[in-house]
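Participant: Task: produce atomic coordinates for the following.
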Amino acid sequence: MWANFFIAAASASAALAGLVFVALSVNISRIIGAEHLPSRAGAAIGMLMLILVCSMAALIPQGSTALGIETILFSFCGWHLQIVSARSGFAVRAKWNRPAWESVLNAVLGQTQVVPFAIGGALLLAGHPSGLGWIAGGCIGVFLASALAAWVLLVEILR
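Facilitator: Okay, the predicted model is just below:
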C-alpha cells in the first residue's frame, strides 16, 4: 500500500539532493563566505538523505520493529545536522546583521522536519502501522523545507 509513495519519495529526494549539490557547486564561493550557509546546506542534504534512507528502508521486506529502529537512528543523524545548522545560524546572526526571527525560523523548521520521522519510528517500534503515515508526512515536510533551502542557496545568496 505504501510502496508507491516510498518509491516516489526516494526518487524525488535523490533528485532534490542533486539540485542542492548543483546549487553548492554554482555558488560555492558565496556559500563558503557566509559562515552559516555550509552547515545549512549540509542539513538540507542530510534531510533529503533522511527521506531517501527511510524510504528505502520502508521498501525492504522487514518487520515494523526493524523499520522503527532504523527510522529512529536515521532521525537522530538528521537531528544532529539540524542542531549544527541552528547553532551556526545563531552564532553568526549578529555578525551578518541577520534578524533574530530568521535564525529562530531556521532552527524551528530544521527541528520540526525530523520530528515526524522520530514519531513514526517510535510508533512502528510499538507496533502501530500509523508510523508509516508519520514518516510520509515527514517526507512531505522535508520536501517543502528543502525547496526553501535550495532557493536560498541558488537565488537568495546572489542578492
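Participant: C-alpha from now on. contacts and neighbour counts both.
Facilitator: Noted.
Participant: quick one: contacts of the strand or helix carrying residue 11?
Facilitator: For residue 11, the host element (DSSP states H and E) is helix 3-26. The contact list for helix 3-26, computed with CA atoms under 8 Å, 6 or more residues apart in numbering, reads 31, 41, 44-45, 48-49, 51-53, 55-56, 58-59, 136, 139, 143, 146-147, 150, 153-154.
Participant: can you check stretch 79-92 too?
Facilitator: Applying CA under 8 Å, 6+ apart, the external contacts of stretch 79-92 come out as 35-36, 39-40, 42-43, 46, 103, 106-107, 110-111, 114.
Participant: Those residues in helices, which ones?
Facilitator: Residues of the contacts of stretch 79-92 located in helices (DSSP state H): 39-40, 42-43, 46, 103, 106-107, 110-111, 114.
Participant: returning to what we had before: figure out how far the helix holding residue 11 is from the centre of its chain.
Facilitator: 11 Å (CA atoms, centre = their mean, to the nearest Å).
Participant: ok, then the element right after it?
Facilitator: helix 28-33.
Participant: Any figure for the gap between the residue most central in space within the chain and residue 129?
Facilitator: Residue closest to the average C-alpha location in the chain (CA atoms, centre = their mean): residue 47, at 2.0 Å. Residue 47 sits 23 Å away from residue 129, going by CA to CA, to the nearest Å.
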